[in-house]
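Enquirer: Below: sequence and its predicted model.
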Amino acid sequence: MIPFTKAHGVGNDFVIFESEASPGIIREAEFIQRVCDRHKGVGADGVLILSPAEEAGIDFQLNYYNSDGSWETFCANGSRCAVAFYVRQHGRSGRIVLQTGAGVHEAELLPDGLVRLQILAPRHVSDVLEVDGFRGRHVDSGAPHFAIEVDDLTAETAAGYGPQIRSHEAFQPRGVNVNFFQRLDAHTIRVITYEKGVESVVLSCASGSTAACFEAASLGGMESPIKVLNPGGELVVGFDADWEHVTVTGPAELVFDSELPDDF
């Protein structure tokens, strides 16, 4: 049997495995697709695999796979869930250091149960682009995002235009996550994300929320911290004047533990 934990960060949900307690099949695309299937599997937006750290000073290594089985550099909601899982499994407290495909991150499980995660400094990968009638900028916040400001944010807009923007030639060959955002005031934005690899609108995306905050702040009139209203709940993005020190804080809930047969 293969032990796993189901978790979510403001609705962005994951199946967590530990490499040392699991066979190599957990990294295979077909297995990940079956596990993430919401009708015939556990159901999730992605899979998180925790492995022992290879370097001193790092608590664990994290690999993230989208529900289609593709590996991605970084998932901020997933990283927070992985930290909550690691703390529970190992009885840890205080600062946790994890290695992801985007680099090394620090995190802390707070007394109120929220997890604060340090994000690598976002950066613009492009100037303003017009893609399928929408203007935005390509932002790297650990994973690739296209942040688009809209005046009237709806799920229908994200679901209707997200797929074609996600696969636009401007973002090939890797593709891009698409983050539609609406500024509400100097400390609040709404974000709806179409996520590549999941190929649908997701309830939240923390690296995408960070990218949207970065773009909103670049446009002017935004101040730290910024509350981000995702369909699945709230995140808080904090940053300094130069966007060199950036954190995203939000819930990371471990829903249940179970097992899968090794021939699943």
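Expert: Cool, got the structure. Residues are numbered from 1 along each chain as shown.
Enquirer: rest of the way, CA atoms for contacts and neighbours
Expert: Will do.
Enquirer: how is the chain carved up into domains?
Expert: The record's domain split for the chain, according to automatic domain parsing, is 2-119+251-260, 123-244.
Enquirer: possible to save the ones you listed as CSV with mean pLDDT and mean neighbour count?
Expert: Converted to CSV, the domains of the chain look like this (pLDDT from 0 to 100; neighbours: other CA atoms under 10 Å):
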stretch, mean pLDDT, mean neighbour count
domain 2-119+251-260, 96, 19
domain 123-244, 96, 20
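Enquirer: Tell me who's in contact with the nearest residue in space to Y161 that is not next to it in sequence.
Expert: Of all residues not flanking Y161 in the chain, D132 sits nearest, at 8.0 Å (CA to CA, 6 or more residues apart in numbering). Residues near D132 by CA atoms under 8 Å, 6 or more residues apart in numbering: Y161, Q164, I165.
Enquirer: now, which of those residues lie within helices?
Expert: Cross-referencing the contacts of D132 against helices under DSSP state H gives Y161, Q164, I165.
Enquirer: ok, the residues you listed vs G175, which is closest?
Expert: I165 (8.7 Å; CA to CA).
Enquirer: quick one, what contacts that closest one?
Expert: Shown in contact with I165 (CA under 8 Å, 6+ apart): V131, D132, V176, V178.
Enquirer: Would you mind measuring from it to E149?
Expert: For I165, the distance to E149 equals 14 Å [CA to CA, to the nearest Å].
Enquirer: Could you pull out the strands in the stretch 151-264 of the chain for me?
Expert: All strands of the stretch 151-264 of the chain, identified by DSSP state E, counting those that start in this stretch, fall at 177-185, 188-195, 200-202, 226-230, 233-239, 246-251, 253-260.
Enquirer: Let's check: the centremost residue of this protein is which one?
Expert: C75 (3.2 Å; CA atoms, centre = their mean).
Enquirer: my guess is it meets S141, correct?
Expert: No - taking CA atoms under 8 Å as the definition, C75 is not a contact partner of S141, at 9.7 Å.
Enquirer: Now for these two: what residues contact both?
Expert: Taking CA under 8 Å, 6+ apart as the contact rule, C75 and S141 both touch S207.
Enquirer: Beta-bridge partners for the nearest residue in space to L229 that is not next to it in sequence, please?
Expert: Once flanking residues are discounted, L229 sits nearest to R190: 4.6 Å by CA to CA, 6+ apart. Beta-bridge pairing for R190 (DSSP bridges): Q182, L229.
Enquirer: element containing R135?
Expert: strand 134-140 (DSSP states H and E).
Enquirer: For that strand, what is the distance to the chain centroid?
Expert: In terms of CA atoms, centre = their mean, to the nearest Å, the centre of strand 134-140 is set 17 Å apart from its chain centre.
Enquirer: so what secondary structure elements neighbour whichever helix or strand comes after it?
Expert: Going down the chain from strand 134-140, the next helix or strand is strand 144-149, by DSSP H and E. Counting contacts by 3 or more CA pairs under 8 Å, 6 or more residues apart in numbering; DSSP states H and E, strand 144-149 packs against strand 134-140, strand 177-185, helix 206-219.
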